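>>> Provided below for reference: sequence and predicted model.
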Amino acid sequence: MKQSLILYIGEREAGEALAAQVEQAGGFVYLPDSLMQALGMYITYFPDVIIIDMSLSYAQEAYDHLRSVDAEPIILLTDEYIRSTSVFALPRETSAEALVEALDRVGQPQRVPIGVLRYA
């Protein structure tokens, strides 16, 4: 698995099942309990991938806040079709195993280390 730090915004039981799968591959899943905790975890830990279960009561608000700071990539667990280059949609009933497989297909964002700037 390419991603090692994942922020899962969703039901606790599903998040714990995902965490068990990801930890076997050497990764870690952050499991916030509220909107503010989710946003704080994003700013503090800067995860490689964000997964949001859109059935959660504050999911849309979390998504809007995260997109406002260009957070990517984001995987939405939803029954709606999403067309975006940095937001991926999977069915809400996707199993933890299938979600881990999907994480391998999500591209790792390219980061430039601090202090390395190239000018033309």
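Now that the structure is in, tell me what you want to look at.
>>> Which helix or strand lies directly C-terminal to the helix or strand that contains Ala19?
For Ala19, the host element (DSSP states H and E) is helix 12-24. Scanning forward in sequence from helix 12-24 by DSSP H and E, the next helix or strand is strand 28-30.
>>> Can you list the neighbours in contact with that following strand?
Contacts with strand 28-30, where a contact means CB atoms under 8 Å, 6 or more residues apart in numbering, come from 4-8, 15, 18-19, 22-23, 41, 45, 47. C-beta coordinates here come from the backbone N, C-alpha and C atoms, glycine included.
>>> Counting neighbours, which of those comes out on top?
Taking other CB atoms under 10 Å as the neighbour criterion, Tyr8 ranks highest of the contacts of strand 28-30 with 28 neighbours.
>>> in the chain, which ranges drop under the pLDDT threshold?
1-3, 107-120 (pLDDT under 70).
>>> which residues in it form strands?
5-9, 28-30, 49-53, 74-77, 87-90 (DSSP state E).
>>> Just send these back as JSON lines, with distance to Met36 too.
Below are those laid out as JSON lines (distance: least, CB to CB, whole Å):
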{"stretch": "strand 5-9", "distance to Met36": "12"}
{"stretch": "strand 28-30", "distance to Met36": "14"}
{"stretch": "strand 49-53", "distance to Met36": "15"}
{"stretch": "strand 74-77", "distance to Met36": "18"}
{"stretch": "strand 87-90", "distance to Met36": "22"}
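>>> Quick one: list the elements packing against the helix holding Ala19.
In terms of contacts (3 or more CB pairs under 8 Å, 6 or more residues apart in numbering; DSSP states H and E), helix 12-24 is packed against strand 5-9, strand 28-30, helix 96-105.
>>> Kindly export the longest one (C-alpha atoms) in PDB.
Output in PDB follows, covering the C-alpha atoms of helix 96-105 (Å, rounded to 0.1, in the frame of the first residue of the first chain):
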ATOM      1  CA  ALA A  96     -12.500  -2.700   4.400                       C
ATOM      2  CA  GLU A  97     -10.600  -5.200   2.200                       C
ATOM      3  CA  ALA A  98     -11.900  -3.600  -1.000                       C
ATOM      4  CA  LEU A  99     -11.100  -0.200   0.300                       C
ATOM      5  CA  VAL A 100      -7.500  -1.100   1.000                       C
ATOM      6  CA  GLU A 101      -7.200  -2.400  -2.600                       C
ATOM      7  CA  ALA A 102      -8.700   0.900  -3.800                       C
ATOM      8  CA  LEU A 103      -6.100   2.800  -1.900                       C
ATOM      9  CA  ASP A 104      -3.400   1.200  -4.100                       C
ATOM     10  CA  ARG A 105      -5.000   2.800  -7.100                       C
END
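>>> No further questions, thank you.
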